[in-house]
Structures are given as structure tokens and as C-alpha cells.
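>>> sharing a model prediction with you, sequence too.
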Amino acid sequence: MELPFSLPANSRVLVTGAGGGFDVFCALPVALQLKENGHEVHLGNYSFTNLEAVRGALTEKENLYGITGDSTLAKGDYFPELQLSRWWERTFAEKKAIWCYSRIGVRPLSQIFQHLQTTLNLDAIVVLDGGIDGLFKGNEFDLATPSMDAISIIAASTVTKCTKIYAFTAFGTEGAESKVRHADALLRISELTASDAFFGVTALTKNSTIGRQFIEAVDNAHNHLPASQNSVIASSIVESLKGKFGNCRFNAKTQVTPVWISALTSLYWFFDLDAVAKAKPYRNEVLETDNVTDVSDAIEKTRARMGVLPRADIPI
């Protein structure tokens, strides 16, 4: 993967999933490429795991859990970050903490990001979303589930003395079930392009070292989870790498509602994170929010105020 942005040599970078348990897996190829480029990489994730039930996590700050291969879950079984930490240790003979947080709003996550920037001496933060809804302003035809993505983006935008990048992958996968219009996403990309905030696109490929490692890491995590908890988005990227196309059924979740897969699914798109955050009309309104509900309410108020865009389809 040739990343369409550059950092000073030997930078310290936090690569964090924007809004879901497997978003950190979607971010893994970027982290691996940064590592290959000589940078010091740290991983984070807005987690769906029951973090309060984790034992053996690093807990140096409220709401922040450093998940390592030695962590365990006293209650529940959804713990993809544990499998990623263990996979990293086996693959690179290096212990890797996944810095996790969940169900918090912009204010506490801003504090967490600033804490990590200080303690890890970060030079850059990359927030990566599996899906396109992190780009949305609030008046799109269908929003999917943008709240946690927005929290991660806006919280990261408050961090000082740090390069901040937003990225997404898995274009096309959200349309079948949620009726998200990818024309709306392309509109947002065009707006960011017009303001010089779009950095470019890169492709993940199956037979590259990073492509093979990504598939291995996803398969390993899925093998340790019930089939009903396998990730649709991460699996979609894997299927795209294998050359699948069209409406595909590839795990238990997609038997009823197939997912549209194409060569676009395995592309990674990169933007100036501050520009993405500032484009959200509710950014300033949610800076002091403490939970997801408050952010969701602000988005709905914005939606009511702005109105909803008409359905738009891509003429291809």
C-alpha cells in the first residue's frame, strides 16, 4: 500500500478504529504499512466489547483500557481486540496493547486522545472507519450509524501538536441493508476535494505481505468468535481481495441480506481529519457531550433543521 500522505521519519502514530469492534481490523493494513515504513505504530479502537468486564487490562486513565494478549473477559464473549493483540504478538514477537474505549462522548474521548498523545509522544493520529458514514454531515438520505464515527473524528480534531488523518474503506458495503446512498458519500468526497482536504486513495491487494497478514488476522479473530459475531465489513474486504463481485453471502449475517462487493471495497481513502470534523454542522454543539446518546440527539436535531437530501443514485 502506497499511503497518499507522508510523515517525518520514525514518527509515532496512533491508528484507531472509528466506530466499531472490527474497525481496528479494517485499520490494520494502514498500521502495517506505517510500521513497514519505519514508524512506531500504536493501535486503538472504539470498542463494542464489555470493557468493564475485562481483567488484566492497562487502566491508567478512566474509560481507557489497554488490551493485551494477557487480558481476559469475565463476562461476555465478544473480544476481537484480544485476538488482534495476540495475533500481533505471534506475528511480530512484540507485545501490542490495543487502546480501547466505549460508549463515551466527545469530551472524555478528547481527553483520552490528548492523554495518549502526551504519554506516547504521538506525532500523528489516523482515525479509520470501516464504511462511509463518518463522512456524513447529517442531512444525507440515510445516515447508517454515524454517532460513534463522529465522536472519534471530532474528539481527534481537538488534539493539538499532532497530524490528524481520517480514512475509510469498504466503499459500497452499506447500501443493501441501510439504504445508504453512496452518491451522498461521493458528494462529500467532492466537497473535501474542493477544499484540498482529500489526500488520495490506495488499494490493498491479496498477494501483498500486508494483504496476506490482514486476511490472516481477520480469519484468526473470526475463528475465536461465534459465527453470528463475525464482522460483515472486515469480511467484505477479504471477499473483495479474493475477487468476489456483486451481492454476496459469505457469513451468517449475510445469508438474509447479502452485501454488494466490488473492487471498490478494498480501497482506502484518506482525508484531512480536521476538515472532515469542521464540515459537521453539529461539531461545536457536541464538544462537551459525555455519551453516545447526546451525540445522536445532536445529529437528529441537525437532520431536522437541515432537511434530508433526496435519494440519489450513481449513474454507472
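That came through fine.
>>> would you map the strands across this structure?
Along the chain, counting by DSSP state E, strands occupy 12-17, 40-46, 54-55, 58-61, 64-67, 72-73, 98-101, 124-130, 163-169, 198-203, 246-248, 259-261, 267-272.
>>> how about the ones you listed, which one is nearest Ala27?
strand 124-130 (3.8 Å; Cβ to Cβ). For glycine as for every other residue, the C-beta is placed from the backbone atoms N, C-alpha and C.
>>> adjacent strands (with direction) for the closest one?
Using DSSP bridges, the strands paired with strand 124-130 in its sheet are strand 12-17 (parallel), strand 163-169 (parallel).
>>> what mean pLDDT does stretch 277-284 have?
Stretch 277-284 shows a mean pLDDT of 97.
>>> show me how far that stretch is from its chain's centre.
With Cα atoms, centre = their mean, to the nearest Å as the basis, stretch 277-284 stands 18 Å off its chain's centre.
>>> any idea how far apart the tips of it sit?
Terminal residues of stretch 277-284 are spaced 10 Å apart (Cα to Cα, to the nearest Å).
>>> could we number from 54 for the rest of this?
In the new numbering, first residue 54, that becomes stretch 330-337.
>>> related to what we said a few turns ago, want to throw the strands of the chain into CSV with distance to Ser293, mean pLDDT and mean neighbour count?
Formatted as CSV, those follow (distance: least, Cβ to Cβ, whole Å; pLDDT from 0 to 100; neighbours: other Cβ atoms under 10 Å):
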stretch, distance to Ser293, mean pLDDT, mean neighbour count
strand 65-70, 19, 98, 25
strand 93-99, 22, 98, 23
strand 107-108, 32, 97, 16
strand 111-114, 35, 93, 13
strand 117-120, 28, 98, 24
strand 125-126, 31, 96, 14
strand 151-154, 24, 98, 26
strand 177-183, 12, 98, 27
strand 216-222, 10, 98, 25
strand 251-256, 10, 98, 17
strand 299-301, 9, 93, 14
strand 312-314, 5, 93, 23
strand 320-325, 9, 98, 22
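>>> dump those into CSV; add distance to Ala209 as well.
CSV is the format used below for those (distance: least, Cβ to Cβ, whole Å):
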stretch, distance to Ala209
strand 65-70, 8
strand 93-99, 10
strand 107-108, 23
strand 111-114, 16
strand 117-120, 15
strand 125-126, 27
strand 151-154, 12
strand 177-183, 5
strand 216-222, 5
strand 251-256, 16
strand 299-301, 33
strand 312-314, 28
strand 320-325, 12
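>>> neighbours around the residue lying closest to Ser284 once chain neighbours are set aside, how many?
Nearest non-adjacent residue to Ser284, counting by Cβ to Cβ, 6 or more residues apart in numbering: Phe75, 3.7 Å away. Close neighbours of Phe75, defined as other Cβ atoms under 10 Å, add up to 27.
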